[in-house]
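[1] Sequence and predicted structure are below.
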Amino acid sequence: MKIKILLGSDFLLDKKEVRAEAGEVLDLPDKIAKALIKNNAAEKVDTKMKRARTKDGKFIKDDPSTVENEA
């Protein structure tokens, strides 16, 4: 699970103590991530990409001048 650390935290990962500082985004096992979230030391990061929309809620079309298709 991908989380953003809110408070500096120490935790065990693969039998090693790890220190994470505020602002870091980490991909951790669910058990560790849920414990940090429960203790208000981290928050879940939304990893799904969303389509860009106009103010009216309509999809924005792809920009053909870019290499990657954003739409």
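    Structure's in. What do you need? What you see is a predicted model; the values in this text were computed from it and never measured.
[2] what helix or strand does the residue lying closest to Met1 once chain neighbours are set aside sit in?
    Take Met1 and drop its neighbours on the chain: the residue closest to it by Cβ to Cβ, 6 or more residues apart in numbering is Ala33, 4.0 Å away. Any C-beta I mention is one placed from the backbone N, CA and C, and that applies to glycine too. Element membership for Ala33, per DSSP states H and E: helix 30-38.
[3] From the contact counts, what lies against the helix or strand just after that helix?
    Downstream of helix 30-38, the next assigned helix or strand under DSSP H and E is strand 42-44. If contacts are counted by 3 or more Cβ pairs under 8 Å, 6 or more residues apart in numbering; DSSP states H and E, strand 42-44 sits against strand 2-5, helix 30-38.
[4] what comes up buried for the first one?
    Judged by neighbour count using 16 or more other Cβ atoms under 10 Å, the buried positions of strand 2-5 are 3, 5.
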